[in-house]
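Asker: Sequence and computational prediction follow.
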Amino acid sequence: MGLLKRNPFGHILILKKWLIRFFGLLTHRRFRGFNELHIEGSEIIKNLPETNVLFVSNHQTYFADVTAMFHVFNASLSGRVDSIKNIGYIWHPKLNIYYVAAKETMQAGLLTRIMAYAGAVSVERSWRSKGKDVHREVNLNDTENIGIALKDGWVITFPQGTTKPFKPIRKGTAHIIKNHKPIVIPIVIDGFRRSFDKKGIRIKKRGILQSFQIKPPLDIDYENETVEEIVEKLEYAIEQHPSFLKVISPEIIEDMEDLNKERKWEY
């Protein structure tokens, strides 16, 4: 690797590698130590192509979710099965993993700007800004950048655009799927909102069993399925369709809402 070799967004790869190594070492005990991460389906990761893979997941914290994904993906690629045991896998990370994040979140401070260099594709949300509901046109440059990231590697997205459970999936994700025809891998996570604060930086409670389920690729008819049909398919795949509320107790839902009220830092 040349010292100044860059990815399509101009990021120097050797610098990105060291950032991933640093944050990997810094965060490993959050998922294997203070808390325990239970992984299912990691064999799916090893069989994926090098590019044009879109991971869709429910969302529980701003940064812990995607950090766990970097750990799981790299551990799986290094041969570990449903485990992130032994941090050595982070020494040679996959450098073409990207994640979609709100621009205002990634520009909120020095730390988030540094984290963005490790792989963020920042987008301007069309429905919310600075904690308030807005209505504005989708920035076409943002959509183009996600396409560039898919062409170069793997992209992680949280299609609900919020950490609140059972919120609607944004149609933009379905449009991206129809336009770029990626392999779509659903991921379902749990336990993160109990382990961390909303940012996913501060450990809130220890001894939590976090779960991380990787599901097989979705069967999508890119040409004939409508955006609405793809949205519904995504809702079921990441277990955020309204029908799942019928099997969750009112007490758990109330706890979720109480936690959200306690968190004052808005996405």
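Answerer: Sure thing, it's come through. Numbers count the residues shown, from 1 in each chain.
Asker: how about the helices in the chain?
Answerer: Per DSSP state H, the chain carries helices over the ranges 13-31, 43-46, 64-77, 103-106, 110-117, 140-152, 171-180, 192-195, 227-237, 250-262.
Asker: do you know which of the ones you listed lies nearest Val123?
Answerer: helix 140-152 (4.0 Å; Cβ to Cβ). Quick note: C-beta positions are derived from backbone N, CA and C, even for glycine.
Asker: Report the inter-axis angle for that closest one versus helix 171-180.
Answerer: For helix 140-152 against helix 171-180, the angle between stretch directions is 50 degrees (axes from the mean of the first three to the mean of the last three Cα atoms, to 10 degrees).
Asker: Tell me if I'm right that Asp190 and Ile208 touch.
Answerer: No: using Cβ atoms under 8 Å, Asp190 makes no contact with Ile208, being 9.7 Å away.
Asker: who's in contact with His180?
Answerer: By Cβ atoms under 8 Å, 6 or more residues apart in numbering, the contact list for His180 reads Asn52, Leu54, Ile146, Gly147, Leu150, Lys151.
Asker: Leaving aside the residues adjacent along the chain, what's closest to the first one?
Answerer: Just to be clear, that refers to Asn52. Nearest non-adjacent residue to Asn52, counting by Cβ to Cβ, 6 or more residues apart in numbering: Pro182, 4.7 Å away.
Asker: wait, that neighbour sits on Phe55?
Answerer: No: contact criterion Cβ under 8 Å: Pro182 and Phe55 do not qualify, at 9.4 Å.
Asker: any residues in contact with both of the two?
Answerer: Val155.
Asker: who are the neighbours in contact with Leu19?
Answerer: Going by Cβ under 8 Å, 6+ apart, Leu19 touches Ile114, Met115, Tyr117, Ala118.
Asker: and these, which are buried?
Answerer: Using 16 or more other Cβ atoms under 10 Å as the burial test, the contacts of Leu19 include Met115, Ala118 as buried.
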